[in-house]
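> I'd like to go over a predicted model; first the sequence, then the structure.
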Amino acid sequence: MNNQKPDVFAPGRLGPVTLRNRIIKAATYEGLTKNGQVTDALIDFHVRHARGAGMTTVAYCAVAPEGRTDRRQIYWRDEAMPGLRKLTDAVHAEGAAVQAQIGHAGPVANPKSNKLPALAPSRRFHLTTQTVARAATHADLARVVEAHGQAGRMAIEAGFDSVEIHMGHNYLTSAFLSPKVNHRKDEYGGSLENRARLARDIGRAVRDAVGDRIAVTAKLNMDDGVPGGFWVDEAVQVARWLEADGSVDALQMTAGSSLLNPMYLFKGDAPLHEFAAVMKQPTKLGIKLVGRHFLKSYPYEDLYLLRDARQIRAAVKLPMILLGGVTDKAGMDTAMAEGFEFVAMARALLREPDLINRIKDEPATGSLCIHCNKCMTAIYGGTHCVLSTEPPWGSAGA
């Protein structure tokens, strides 16, 4: 932890990588891939963010075909590599670094779209997709661990500066961590040590694969947002284990469950009508009938994850990235003063991709984001702020 508050616009060291500033464009699923391939629109999206952020994050790059939340998403394979290389070259030309978010969606995956069965710690019914995820076997888990390592190797080949291992939102690794979702009786269930086994195995596999050639970060849940779920006291211990394993260069703490309580991460309004409008039946009817119980509304406040993230910050010496309601220079300065080495921004940059440069020029600049969360419903046609006059990507379709 730094004893002196760094300048958020000064260069920052992330493992073997130096970022030109300490602001990271957080992973937000872009909805701009086609047949698992990079499009010009996806490149435009990240180039726009690369003009201000020290690093932009490409989401979501699945480590296996059944680990996607939608069949159009990128997954690591040879056919995707030329497009990924084109993307990283374009971001580097803007002077920014680029990170690939890697992971396996587990029970959050869409088996109907993927035409492959979803995996979970235990057999589980998925309300949104009206399907059942099967319990992952030991062979499944060994394959997934190796696939993460392979993703790291391919990320290097594609020119990425960093990978972010997705350990949040009840995707597969997070689902294993959660006692609410993980009901196994073997060495992957029960105690926290057992529930954390997959996360630690994946972290070590990625580190072994990439060494110190690129940075490795982890996006780790602090709170599933449901009774009986993974909670911050267990997150503290998992963070300590990841640090002791030497598997990650930094931690970004998150919250919520895409499976059980997705709005818990975002705070602000729950756009029920907008979600229903873009869904097909029977999901559309389900949202109209019971959506308010699944898509709950939580009051928004700036730096809303700081309170819990402080507990992780106090427990580890690893660099940390503060996510959640970072919208202005005052929030960035608070994060730096609290001992966080980096900040991550998402919705505010969807609203205004040039916000970082405007804050740098005029520190009193505020964000126009009103936290309506309607951007969440735009993912099916290209993620953007619906209030913006221009989306942060070019005219090429997804």
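Yes, it's here. Predicted, not measured: the structure shown is a model, and the values here were computed from it. Numbering: from 1, shown residues only.
> going forward, measure contacts between C-alpha atoms and count neighbours the same way
Will do.
> all strands of this protein, in order?
Assigned by DSSP state E, the strands in the chain fall at 12-14, 17-19, 23-25, 55-62, 97-103, 119-120, 124-126, 131-135, 162-167, 215-221, 250-254, 320-322, 342-345.
> in terms of mean pLDDT, which of the ones you listed ranks lowest?
Among the strands of the chain, strand 124-126 carries the lowest mean pLDDT, at a mean of 82.
> quick one on the thing from earlier: can you add distance to P271 and mean neighbour count and give the strands of the chain back as JSON lines?
Output for these, formatted as JSON lines (distance: least, Cα to Cα, whole Å; neighbours: other Cα atoms under 10 Å):
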{"stretch": "strand 12-14", "distance to P271": "36", "mean neighbour count": "19"}
{"stretch": "strand 17-19", "distance to P271": "35", "mean neighbour count": "18"}
{"stretch": "strand 23-25", "distance to P271": "23", "mean neighbour count": "27"}
{"stretch": "strand 55-62", "distance to P271": "22", "mean neighbour count": "26"}
{"stretch": "strand 97-103", "distance to P271": "26", "mean neighbour count": "27"}
{"stretch": "strand 119-120", "distance to P271": "28", "mean neighbour count": "27"}
{"stretch": "strand 124-126", "distance to P271": "21", "mean neighbour count": "16"}
{"stretch": "strand 131-135", "distance to P271": "24", "mean neighbour count": "18"}
{"stretch": "strand 162-167", "distance to P271": "25", "mean neighbour count": "27"}
{"stretch": "strand 215-221", "distance to P271": "23", "mean neighbour count": "25"}
{"stretch": "strand 250-254", "distance to P271": "21", "mean neighbour count": "26"}
{"stretch": "strand 320-322", "distance to P271": "25", "mean neighbour count": "27"}
{"stretch": "strand 342-345", "distance to P271": "21", "mean neighbour count": "25"}
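> residue contacts, N373?
F266, G268, D269, A270, P271 (Cα atoms under 8 Å, 6 or more residues apart in numbering).
> returning to what we had before: in CSV, list the strands of the chain along with distance to L368.
Converted to CSV, these look like this (distance: least, Cα to Cα, whole Å):
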stretch, distance to L368
strand 12-14, 27
strand 17-19, 26
strand 23-25, 17
strand 55-62, 20
strand 97-103, 25
strand 119-120, 39
strand 124-126, 35
strand 131-135, 39
strand 162-167, 28
strand 215-221, 26
strand 250-254, 23
strand 320-322, 20
strand 342-345, 13
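> make a markdown table out of the contacts of N373 and add pLDDT, distance to A315 and neighbour count.
Shown next, in a markdown table, are the contacts of N373 (pLDDT from 0 to 100; distance: Cα to Cα, whole Å; neighbours: other Cα atoms under 10 Å):
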| residue | pLDDT | distance to A315 | neighbour count |
| --- | --- | --- | --- |
| F266 | 93 | 25 | 23 |
| G268 | 92 | 29 | 18 |
| D269 | 88 | 33 | 18 |
| A270 | 84 | 33 | 24 |
| P271 | 75 | 36 | 20 |
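> biggest separation within those, which pair?
Maximum pairwise distance among the contacts of N373 (Cα to Cα): 11.6 Å, between F266 and P271.
> please consider this matter closed, and thank you.
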